[in-house]
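Participant: here is my input; please provide its structure:
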Amino acid sequence: MVRSNGKRANTRDLFKKAFRKSGNEHTSTYLQVFKIGEYVDIHINPTIMKGMPHKFYHGRTGRVFNVSRTAVGVEVSKRVRHRIINKRFHIRIEHVRKSQCNKDFLDRCKLREIEAQEAHKRGEKYTVVKRTPALPRDAHLVTAGEMELVEPIPTSL
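Facilitator: Predicted structure coming up:
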């Protein structure tokens, strides 16, 4: 028999919902607000067939380029042989989640902004302190304790 290569081929485990997570979709999924330029994770919901992307994009992160009533336009980079292509397509809101990939960066930006405002109030000039990698530790001597000779215990057979 010929091996099938349909859109949902080999997705038994890929599209499987977690234990006790089946049933109708929650209303909060439809009340999410997506803005252009935000990062989103594509996580396919197998119960909703409409607006479902191809299985290749499951688990990928993309950027929103368009927002409509029931769907969002997502731009995802895809490697095709030796080049990377930006793919643009519209996905229904049920198959998309807000990404946490740049949360640390946004938190650092907010913290820097607060520090800059405080420095301005004090009349000082705020200098941006970027993250620095951990430096090598200082040189130090390692002293070993007394050496103990370990010998095998003779066995009697």
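
Participant: closest to the centroid, which residue in this protein?
Facilitator: Nearest to the mean C-alpha position of the chain, by Cα atoms, centre = their mean, lies Cys101 at 4.5 Å.

Participant: what about that one, distance to Ala116?
Facilitator: Cys101 sits 25 Å away from Ala116, going by Cβ to Cβ, to the nearest Å. In short, each C-beta sits where N, CA and C put it, glycine included.

Participant: now the helices for the chain?
Facilitator: For the chain, helices defined by DSSP state H occupy the ranges 27-30, 103-122.

Participant: need the ones you listed in CSV with mean neighbour count, distance to Val40 and mean pLDDT, can you?
Facilitator: As requested, the helices of the chain are exported to CSV (neighbours: other Cβ atoms under 10 Å; distance: least, Cβ to Cβ, whole Å; pLDDT from 0 to 100):
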stretch, mean neighbour count, distance to Val40, mean pLDDT
helix 27-30, 10, 13, 94
helix 103-122, 11, 13, 92
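
Participant: dump those helices to a markdown table, plus distance to Thr11.
Facilitator: Formatted as a markdown table, the helices of the chain follow (distance: least, Cβ to Cβ, whole Å):
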| stretch | distance to Thr11 |
| --- | --- |
| helix 27-30 | 21 |
| helix 103-122 | 29 |
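
Participant: do I have it right that Ile84 meets Ser77?
Facilitator: Yes: the criterion here is Cβ atoms under 8 Å, and Ile84 meets it with Ser77 at 5.1 Å.

Participant: the two: who's more crowded?
Facilitator: Between Ile84 and Ser77, Ser77 has the larger neighbour count (other Cβ atoms under 10 Å), namely 12 against 8.

Participant: ok, the more buried one - contacts?
Facilitator: By Cβ atoms under 8 Å, 6 or more residues apart in numbering, the residues touching Ser77 are Gly62, Ile84, Ile85, Asn86, Lys87.

Participant: start to end distance for stretch 35-54?
Facilitator: 23 Å (Cα to Cα, to the nearest Å).

Participant: any buried residues in that stretch, and which?
Facilitator: Glu38, Val40, Asp41, Ile42, Ile44, Asn45, Gly51, Met52, Pro53 (16 or more other Cβ atoms under 10 Å).

Participant: what lies in contact with that stretch?
Facilitator: By Cβ under 8 Å, 6+ apart, the surrounding residues in contact with stretch 35-54 are 7, 11, 14-17, 22, 25, 34, 55, 57-67, 70-72, 74, 76, 89-92, 94-99, 101-102.
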